[in-house]
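> okay, here's the prediction I keep looking at, along with the sequence it came from:
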Amino acid sequence: MVRQKRAAQEWPRRRTVSWSRIRGLTNHLSCSTADFTFLKNIAYVMRKLIPQSPVSVGQGFDPMPRSGRRFLFLVALILLSILVLFPFQKVNAPVHSGTLDQQQTVVTFAMILSGPPAVPEYWGQTFTAGLTGSLTEVDLVIACYTVVGSSCESFGPVVVEIHSGSPTGALLGSSSLVPGAIPILIFGGGLPSLFVPFSFSPSPAVVAGSVYAIVITTTNAPASGSATYEVGGADSTGNAYAAGDRWYCVGSSCSWTSDPQNDLNDLAFETYVTPPVIPEYPLGLPLLAIFMVLAYVVIRRKTSQKNP
C-alpha cells in the first residue's frame, strides 16, 4: 500500500522530469529553444485534446484510451507524410542574386568600350569558377564617361556574355543593360568605381575548377568624343587575379587575343553563383513526429501488458 501511494505521489514529478529529459535531448541534437518550446506546446495541446483515463493505482495508470492512441498515431503519420512530400527550404533575401564566388576589385585604369559603326574595342576576362551551380550575376565596373550636357543615351546597350574557356568558346549566357542603367561619370571625376550588376536568365551552369570568359561588347558607341563607355580594371599592379586573364578584341578585324601583359592586367569583376538547392527541414517537425510515434509504441506496449 505504501509503495502504491508513493507511486501515485511521484507521477506528477516524473512527468515534470520528462521535460528536463526532452530538454537534454534537444541540447544533444543542437536544437534551438524555439524547437524545444514548439515540442512542449504541441504536447500540452495534445494533453488537452486527448482525454486521459486513469485507473486504480493498484492496476497502474493508463495514459489515454484507444481512440486517443489512434488519434496520436494518425497525427504522427500526417506529419511524416508532410515532411516527405513537401520538404521545407530556408528562404534568404540576399542583396545579390547568388553567392559571391570570384572577384577582382582593384581599379587603376579605364578602357574605352566602343562598337560599330565605330571601330570595335571589346574586352574580356577569364575566371576560374570556385563554386558549382548557376551563374546568376556578374558585376562589372563600367561608366558613361561624359562632359556636362552630354550623355550616352544614344548608344547601344552594353552586352555581357559568358563563354566556355575563352571569349571564342561556346556561348553559355547573355545579359544587357540600356545606356540609362549605366552610371554617369563626368570628365575629370576620376576612374569609374561602381560595380554594375548584369543578371542572367536563364543562368548558365558553371562547375568548380572550370574556366569561363566574361565578354563585354556594345554597338553604336564611339571610341572618342564628348561621351564614351569606359570599363575599369587593374593595370600593371601585379597579378590582381591569378585565376584568369584579360582579353581584348580591337580593330576592324577584331580577333580575340589574350593580353600580352595578362599577368598584370585584369578587369574589375565579381561573379555570383547559386549552388544547387538542398531541401532543409525545420528540426521541430521531425522530432515531433518521432516523439509521437515512440509515444504511441510505448503506450500501446504498456496497455497490452496491463490488459492481457
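Arrived safely, thanks for sending. Note that the coordinates shown come from a computational prediction; the quantities given were computed from them, not determined experimentally.
> neighbouring strands for whatever helix or strand Gln102 lives in, and are they parallel or not?
Gln102 belongs to strand 99-104 when elements are defined using DSSP states H and E. Sheet pairing of strand 99-104 (DSSP bridges) gives strand 269-274 (antiparallel).
> what sits up against the partner strand?
Outside strand 269-274, the residues that touch it by C-beta atoms under 8 Å, 6 or more residues apart in numbering are 96-105, 125, 127, 129, 131-141, 195, 203, 206, 214. (Glycine included, C-beta is placed from N, CA and C.)
> narrow the residues you listed to those in strands?
The members of those that map onto strands under DSSP state E are 99-104, 125, 127, 133-141, 195, 206, 214.
> would you mind checking the residues you listed for buried ones?
Neighbour-count burial within those applies to 101-102, 104, 125, 127, 133-141, 195, 206, 214; the criterion is 16 or more other C-beta atoms under 10 Å.
> now the helices for the chain?
Ranges of helices in the chain, per DSSP state H, are 2-28, 33-49, 66-85, 284-306.
> which other residues reach the strand holding Gln102?
With C-beta under 8 Å, 6+ apart, strand 99-104 has contacts from 125, 127-131, 233-234, 240-241, 243-244, 266-275.
> how many other residues sit next to Ser175?
Using other C-beta atoms under 10 Å, Ser175 has 18 other residues around it.
> circling back to that earlier point, got a PyMOL select line for the buried ones in the contacts of strand 99-104?
Per 16+ other C-beta under 10 Å, the buried members of the contacts of strand 99-104 correspond to this PyMOL selection:
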select buried, resi 125+127+128+129+131+233+234+240+241+244+266+267+268+269+270+271+272+273+274
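> local confidence estimate at the nearest residue to Phe109 once chain neighbours are set aside?
Ranked by C-beta to C-beta, 6 or more residues apart in numbering and with sequence neighbours excluded, the top spatial neighbour of Phe109 is Asp235, at 3.9 Å. Here the pLDDT value assigned to Asp235 is 81.
> isn't Asp235 up against Asn265?
Yes. Counting by C-beta atoms under 8 Å, Asn265 is a contact partner of Asp235 at 5.4 Å.
> of these two, which one has the most company?
The neighbour comparison of Asp235 against Asn265 (other C-beta under 10 Å) goes to Asn265, with 24 against 18.
> circling back to that earlier point, out of the helices of the chain, name the one with the poorest average pLDDT.
Ranked by mean pLDDT, the helices of the chain bottom out at helix 2-28, which scores a mean of 49.
> for Glu230, list each beta-bridge partner.
Beta-bridge partners recorded for Glu230 (DSSP bridges): Ile112, Ala143.
> so what's the residue count around it?
The burial count for Glu230: 19, using other C-beta under 10 Å.
> from here on, call the first residue 15.
All set: I'll call the first residue 15, so the last point we hit is now Glu244.
> and it, what pLDDT?
Note on Glu244: pLDDT of 96.
> now do the contacts for it.
By C-beta under 8 Å, 6+ apart, the neighbours of Glu244 are Ala124, Met125, Ile126, Leu127, Ile156, Ala157, Cys158, Tyr159, Leu199, Pro206.
> got it, and Gly194?
Glu167.
> rerun at 6 Å
With contacts taken as C-beta atoms under 6 Å, 6 or more residues apart in numbering, Gly194 has no neighbouring residues.
> where does the stretch 115-264 of the chain dip in pLDDT?
Scanning the stretch 115-264 of the chain for pLDDT under 70 picks out the ranges 250-251.
> how about the strands in it?
123-127, 135-142, 147-160, 172-178, 185-191, 198-200, 209-213, 219-220, 225-231, 241-248, 260-264 (DSSP state E, counting those that start in this stretch).
> make a markdown table out of those and add distance to Cys166.
Formatted as a markdown table, these follow (distance: least, C-beta to C-beta, whole Å):
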| stretch | distance to Cys166 |
| --- | --- |
| strand 123-127 | 10 |
| strand 135-142 | 15 |
| strand 147-160 | 4 |
| strand 172-178 | 9 |
| strand 185-191 | 11 |
| strand 198-200 | 8 |
| strand 209-213 | 13 |
| strand 219-220 | 31 |
| strand 225-231 | 15 |
| strand 241-248 | 5 |
| strand 260-264 | 20 |
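> quick one, which of the ones you listed is nearest to Leu308?
Leu308 lies closest to strand 147-160 among the strands of the stretch 115-264 of the chain, at 38.7 Å (C-beta to C-beta).
> relative to Ser224, how far out is Pro289?
15 Å (C-beta to C-beta, to the nearest Å).
> on that earlier part again, let me know the closest of the contacts of Glu244 to Leu185.
For the contacts of Glu244, the nearest to Leu185 is Leu127 (19.0 Å; C-beta to C-beta).
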